[in-house]
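**Q** Need coordinates for the below:
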Amino acid sequence: MSIQKTIARRRVNRAHRVRKAVRGTEARPRVTVHRTNLHLYVQVIDDLAGTTLCASSSKALELPYGGNVKAAKAVGEDLASKVKAKGVKQLCFDRGAYRYHGRIKAVAEALRAAGLEL
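**A** Numbers count the residues shown, from 1 in each chain. You can find the predicted model right below:
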């Protein structure tokens, strides 16, 4: 087995380990984060209904560079305003296979600063 396959498999295992404990409901939907080198994508998902309630990304906000902590805070603030408009106050945070630091942490802190409970 090549090293690339091993690394990819370990990443998938990490994501499954986190997601088996986190389920989104209508009252407490799941916030999932996906990051690339250039952009950050965040969605709020109701797993029971299988629907995405709202989403935000650094690409949609047309930020000059979406791969930094400053952009992650902006995405978190934008998502918080959309979530509040839906009437949701509590969320489950799904970090996926990413460590809780840097851009991932900045999104979570921006959501908390806006008054949402994670």
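
**Q** how much space between the closest residue to residue 25 other than its chain neighbours and residue 24?
**A** With CB to CB, 6 or more residues apart in numbering as the criterion, residue 25 has its nearest non-adjacent residue at 5.5 Å, and that residue is residue 48. Where you see a C-beta, it was placed from the backbone N, CA and C, and this is true even at glycine. Distance of residue 48 to residue 24, computed by CB to CB, to the nearest Å: 7 Å.

**Q** and if you look at residue 97?
**A** From residue 97 to residue 24 the distance is 18 Å (CB to CB).

**Q** between the two, who's got more neighbours?
**A** When neighbours are counted by other CB atoms under 10 Å, residue 97 and residue 24 differ, and residue 24 comes out ahead with 23 against 15.

**Q** I'd assumed the more buried one was in a helix, is it?
**A** No: per DSSP: H, G, I helix; E, B strand; the rest coil, residue 24 lies outside any helix segment and is coil.

**Q** out of everything not next to it in sequence, what's closest to it?
**A** Using CB to CB, 6+ apart and skipping the chain neighbours, the partner closest in space to residue 24 is residue 30 (3.1 Å).

**Q** quick one, phi/psi of that neighbour?
**A** Main-chain dihedrals, residue 30, degrees, to the nearest 10: phi -90, psi 130.

**Q** And for residue 94?
**A** phi -110, psi 110.

**Q** Residue 101 - that's part of a helix, no?
**A** No: assessed with three-state DSSP, residue 101 is coil; it does not lie in a helix.

**Q** since we're on it, how many residues are nearby?
**A** As a burial measure, residue 101 scores 10 neighbours (other CB under 10 Å).

**Q** One more: residue 29?
**A** Neighbours around residue 29, by other CB under 10 Å: 26.

**Q** Verify the stated contact: it with residue 46.
**A** Yes: taking CB atoms under 8 Å as the definition, residue 29 is a contact partner of residue 46 at 4.9 Å.

**Q** list residues touching both of those two?
**A** residue 53 (CB atoms under 8 Å, 6 or more residues apart in numbering).
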